[in-house]
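*Asks:* My questions are about this predicted structure, shown below with the sequence.
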Amino acid sequence: TVYIAGAGPVGLAAAASAQILGAAVVMIGDMNSERLQHAKKVGFEPIDLTKSDKLEELIAAVIGVPEVDSAIDCVGFEAHGHGSKHGEEAPATVLNSLMTITRAGGRIGIPGLYVTDDPGSKDEASKHGNLRMRFGLGWAKSLSFYTGQTPVLRYNRQLMQAILHDRIPIAKIVNATVIKLDDAPQ
């Protein structure tokens, strides 16, 4: 079971990847109802983060237990609180919630962007690239964290083949309009 934080193009692509790799259930959370509707339309379980402060309750409503095998942060440092804290800048909220819902020994992927400095942040620690993370929880649960830029060359050929052979209708999944290369300058 996999939970994806963020139903934008990166989150949708991550959800499609989890699905093709064999995930039994792929849930994708966001606060944007249009993005959630699209995620459902292309086969993922939408999680409406405006409904509760407790992500684990939203997860349990879908799969019967409050935890997943793996989670992916496709939001990054621009995250905002959900539930009753909807709209408040909260740079570490996704990472903290993912540590809460990922089972002991599980994995957390972090392709979401984090920066070394964020001078415009309202959070004093985040201005200097520091996050208020519950790292002790991640340690206690023996979670594995995978972060940084995606190693594109490692996956490029396999994903391109999946796209070319209609295993992943990626344009439909990420809600993109396919155009001819000659039309790209316009």
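*Replies:* Here it is on my side, so go on.

*Asks:* which secondary element of this protein has the worst mean pLDDT?
*Replies:* Sorting the helices and strands of the chain by mean pLDDT, DSSP states H and E puts helix 152-164 at the bottom, at a mean of 87.

*Asks:* now the strands for the protein?
*Replies:* 2-5, 26-30, 45-48, 68-73, 102-110, 144-147 (DSSP state E).

*Asks:* buried stuff in the first one?
*Replies:* In other words, strand 2-5. By neighbour count on 16 or more other C-beta atoms under 10 Å, the buried set for strand 2-5 is 2-5. Using the backbone N, CA and C atoms, a C-beta is placed for each residue, glycine as well.

*Asks:* Parallel or antiparallel, which strands does it pair with?
*Replies:* If you go by DSSP bridges, strand 2-5 pairs up with strand 26-30 (parallel), strand 68-73 (parallel).

*Asks:* so which of the ones you listed comes closest to K54?
*Replies:* For K54, the closest of the strands paired with strand 2-5 is strand 26-30, at 12.2 Å, according to C-beta to C-beta.

*Asks:* Now do the helices in the protein.
*Replies:* Under the criterion DSSP state H, helices of the chain are mapped to 9-20, 33-41, 55-63, 93-101, 135-140, 152-164, 170-173.

*Asks:* Now do the first one and helix 152-164, the angle between them.
*Replies:* It stands for helix 9-20. If you take axes from the mean of the first three to the mean of the last three C-alpha atoms, to 10 degrees, helix 9-20 sits at 70 degrees to helix 152-164.

*Asks:* Quick one: mean pLDDT over helix 9-20.
*Replies:* The pLDDT scores in helix 9-20 average 93.

*Asks:* Use 195 as the first number for this chain going forward.
*Replies:* Let's use 195 as the start, then, which means that last one is helix 203-214.

*Asks:* got the contact list for that helix?
*Replies:* 196, 198-199, 220, 222, 224, 232-233, 236-238, 264, 266, 268-269, 303, 305-306, 353, 356, 361-362, 364, 367-370 (C-beta atoms under 8 Å, 6 or more residues apart in numbering).

*Asks:* how does it look with 7 Å?
*Replies:* Helix 203-214 has contacts (C-beta atoms under 7 Å, 6 or more residues apart in numbering) with 196, 198, 220, 222, 233, 238, 266, 268, 305, 356, 361-362, 364, 367-368.

*Asks:* cool, the fourth one as well?
*Replies:* Contacts made with helix 287-295 from outside it, assessed by C-beta under 7 Å, 6+ apart, are listed as 197, 199, 249-250, 253, 260-262, 265, 267, 269, 273, 275, 302, 306, 325, 327-328, 331-332, 335, 337.
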